[in-house]
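**Q** Got a predicted structure here, sequence first:
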Amino acid sequence: MPAAGKSIKTSGSKKISINIQLIISAILFMPLLFGIDVQGAPRKTAFGDPDKIDVLIVTSGHHFNRESFFGIFKYEDINYSEYTLKEESEVFEDISDWNYDVILLYNMTQNISPKRQENFVRLLKEKGIGLVVLHHAQAAFQSWREYHYIIGTAYIYFDVEIDGKPWPHGKVHEGLHIPIKVVDDRHPITRGMKDFEIIDETYMGRWWAKDNHVLLTTNHPENDEPIAWTRKYGKSRVFNIQLGHDEKAYNCPEFRELLVRGVRWTAGVENVATASVAAQKGIKLNQISNAIDVSINGNPFTSYIYQLDPSKPLAAEGVLLLKPVLYPLCTPSGIKITRGWPFEKIEGESQDHPHHMGLYFTYDLPGNGFWNNSTLPLPIIRHISAQITKDPHGNPAIQSVMHWISKDNDALLVEKRLTSFIAGSDQHIIDFDIELEAVADTVEFGITKEGMFAIRLAQWLTEGGGTGVYLSSNGDENEKGVWGKRAEWVRIQGEHEGRTAGIVILNHPGSTNFPTHWHARGYGCFSANPLGQSAFEKSLKVENPDPFNLILRKGETAPFKFRVIIYDGSRTKQQIDEEYQKYAF
């Protein structure tokens, strides 16, 4: 562990995609690019495409409109295959070469041998295969009690005994108008969805588990209250939805979206909305000689610049690029939120602090002014490598390595950074997962406000001369209310040519010295600085300032994690709090 004036918080474990649970991310995430498992062999997939979700749809025991039903799954990120059971669940006889990511049960068959029961359980508990249970599959395997616990319910088709008590068979009614209420609008499957109505079959009299995480309910008098829920079973995610009797349900847009989102979520995908998945397809990363350009749906978003293009010198004479930066940053509608200087001269913009370049990560170590230096060749955060890859959630990403070189030309730190991109219709997200490792015997970070994760704002977005207004997770506003204090997130929002836009920086709980202090200035320096604790406290006249002096011995590491949301329109505190919950928890 690092030696420091205070102990640091280490990063929490990440949720990862079912598709890549066997992949070692430590080797610079390169295996993700090629779908390589820990032995170096290509990951076996049912359809030969490791970037898609392979779904086995199990049917039998109930009629349905095949064309309408299978049309639901025609998405670029999903491959599916149907297996029609012959009443004996033979598909689970041999799972030694199982290549599917998700099992979708749409059967109402009853027979499954003890061996096949055991194999089904192993797929979920040990292999983490996702499970989607649809409509009449709630009535499958009546005599297999463990199945009821796996799926969280049982529609009792025959009179049976449950937990030593007689349980009468349930009741159904077809073709009824069922009002559906979304009771959890934060879960990935139901996020952003509104209440709706569907024509479907009602179920009454089911047994269901008390630990289901309920997403949808109804108040229809002929139906049990729960409609859809999620569960965990071993390593598996389980999504169970009552809806889906026939083509009347298949044609309901909300049902179709829920089913596809459920498939994606059980496969380990986090951004499951169809619009989000489509947007991710539109993210393009293009590596050129000095940078990686990022575009979304054909529109420039940003560039990861690690050295200057000789044909495009900086507008500021004598200024050097001494750290990798992201520049420019644009909202989905194309509004630039970063200052042009020193890359370009823009009329009306200030030209102070030339080391404030786009979005960057740096810090002034004692005797080595990494933050302030813009004219001397050393110290420098030297780019070593950058690879286009995917993050553990399948998002397009850049894995980069930098060396922090002192003014004496000695390596002090190795920085490993994963920068991930998530696109949306009115906001784009960049996630930063940064690790600093000491390669010198001892690296003392010291205490200064000059750092650390920062962006220099466009003039129109500043509080000094622009229309911007800061807001923090504490509810504080303006530079005076935000500067130097701790907060989980800070937003600045303003008006540009009659349109509202802004940026939020969020600090992850797994980041060092969480929650960070904020070096948020009215003139446009917007920075999260977790290491300048007592410097801020002294400026704020806090009694007995508490120093946090991070010291790393050789081989020790410290994590720094941030999310940046760049958006069009306005964002309230409540909306950003909800975004923070999605990110942090």
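**A** Looks like it arrived, so ask away.

**Q** Please enumerate the helices of the stretch 401-550 of the chain.
**A** Using DSSP state H, counting those that start in this stretch, the helices of the stretch 401-550 of the chain run over 478-482, 533-539.

**Q** what does the longest one contact?
**A** If I follow you right, that is helix 533-539. Outside helix 533-539, the residues that touch it by C-beta atoms under 8 Å, 6 or more residues apart in numbering are 447-449, 483-485, 513, 517, 519, 529, 545-548. For the C-beta atoms, the positions are set from N, CA and C on the backbone; glycine is no exception.

**Q** Just list the residues touching residue 249, thanks.
**A** 135, 198-200, 243, 255.

**Q** what's the spacing between residue 238 and residue 473?
**A** For residue 238, the distance to residue 473 equals 33 Å [C-beta to C-beta, to the nearest Å].

**Q** more neighbours, those two?
**A** Neighbour tally, residue 238 and residue 473, criterion other C-beta atoms under 10 Å: the higher count belongs to residue 238, 23 against 20.

**Q** excluding its backbone neighbours, what's nearest the more buried one?
**A** Leaving aside its sequence neighbours, residue 238 sits nearest to residue 231 (C-beta to C-beta, 6 or more residues apart in numbering; 4.2 Å).

**Q** that older thread, of all pairs in the contacts of residue 249, which one is the farthest apart?
**A** Maximum pairwise distance among the contacts of residue 249 (C-beta to C-beta): 13.5 Å, between 135 and 199.

**Q** the more surrounded of these two?
**A** Per other C-beta under 10 Å, whichever of residue 135 and residue 199 has more neighbours is residue 135, with 23 against 16.

**Q** Wait, the more buried one touches residue 246, no?
**A** No. Counting by C-beta atoms under 8 Å, residue 135 sits too far from residue 246 to count as a contact (9.3 Å).

**Q** Mind listing the shared neighbours of these two?
**A** With C-beta under 8 Å, 6+ apart, residue 135 and residue 246 have common neighbours residue 201.

**Q** For the longest helix seen in the chain, what is the distance to the chain centroid?
**A** Counting residues, the longest helix found in the chain (DSSP state H) is helix 253-266. Mean-position distance between helix 253-266 and its chain equals 18 Å (C-alpha atoms, centre = their mean, to the nearest Å).

**Q** just stretch 259-277 next, same as before
**A** 12 Å.

**Q** In space, not sequence, find me the middle residue of the chain.
**A** Geometric centre of the chain, nearest residue: residue 270, 5.9 Å, by C-alpha atoms, centre = their mean.

**Q** For that one, give its distance to residue 338.
**A** Counting by C-beta to C-beta, the gap from residue 270 to residue 338 is 27 Å.

**Q** re the thing from before, what is the neighbour count of the residue nearest to residue 238?
**A** Here the number of neighbours of residue 231 (other C-beta under 10 Å) works out to 20.

**Q** With just CA atoms, put the strand or helix carrying it into CSV.
**A** Element membership for residue 231 (DSSP states H and E) is strand 226-233. Extracted in CSV, the C-alpha atoms of strand 226-233 (Å, rounded to 0.1, in the frame of the first residue of the first chain):
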residue,chain,number,x,y,z
PRO,A,226,-45.1,-8.0,-10.3
ILE,A,227,-44.6,-7.9,-14.1
ALA,A,228,-40.8,-7.9,-14.5
TRP,A,229,-37.9,-8.3,-12.2
THR,A,230,-34.2,-9.2,-12.0
ARG,A,231,-32.2,-11.6,-9.9
LYS,A,232,-28.7,-12.9,-9.3
TYR,A,233,-28.1,-16.7,-9.4
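
**Q** Buried residues, that strand. List them.
**A** Within strand 226-233, the residues scored as buried using 16 or more other C-beta atoms under 10 Å are 226-231, 233.

**Q** that older thread, looking at the contacts of residue 249, which are in strands?
**A** Among the contacts of residue 249, the members falling in strands (DSSP state E) are 198-200.

**Q** how near is residue 211 to residue 461?
**A** 46 Å.

**Q** So between these two, which is more surrounded?
**A** Per other C-beta under 10 Å, whichever of residue 211 and residue 461 has more neighbours is residue 461, with 26 against 10.

**Q** so who does the more buried one touch?
**A** With C-beta under 8 Å, 6+ apart, residue 461 has these contacts: 337, 467-468, 492, 494, 496, 501-503, 524.

**Q** Neighbour count, pLDDT and distance to residue 62 for these - can I get that in TSV?
**A** Below are the contacts of residue 461 laid out as TSV (neighbours: other C-beta atoms under 10 Å; pLDDT from 0 to 100; distance: C-beta to C-beta, whole Å):
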residue	neighbour count	pLDDT	distance to residue 62
337	25	98	54
467	15	98	60
468	28	98	58
492	27	98	55
494	20	98	57
496	20	96	56
501	29	97	51
502	28	98	51
503	26	98	51
524	27	98	63
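
**Q** from the residues you listed, which is closest to residue 113?
**A** The shortest approach to residue 113 among the contacts of residue 461 belongs to residue 503, at 58.0 Å (C-beta to C-beta).

**Q** just the strands in the stretch 351-500 of the chain please.
**A** With DSSP state E, counting those that start in this stretch as the criterion, the stretch 351-500 of the chain has strands at 359-365, 368-369, 380-390, 396-405, 411-422, 427-438, 442-444, 451-456, 469-472, 489-496, 499-507.

**Q** now the last one and strand 427-438, what's the angle there?
**A** Here strand 499-507 runs at an angle of 30 degrees relative to strand 427-438 (axes from the mean of the first three to the mean of the last three C-alpha atoms, to 10 degrees).

**Q** which other residues reach strand 499-507?
**A** 329, 331, 333, 335, 337, 453, 455, 457, 461, 468, 487-494, 514-516, 526, 528, 530, 561-571, 576, 579-580, 583-584.

**Q** can you pull the contacts of residue 141?
**A** 109-110, 112, 147.

**Q** make that residue 382, sorry
**A** 402-405.

**Q** What strands line up against the strand holding residue 231, and which way round?
**A** Using DSSP bridges, strand 226-233 pairs in its sheet with strand 213-217 (antiparallel), strand 236-241 (antiparallel).

**Q** Tell me which of the ones you listed sits most buried.
**A** strand 236-241 (a mean of 24; mean count of other C-beta atoms under 10 Å).
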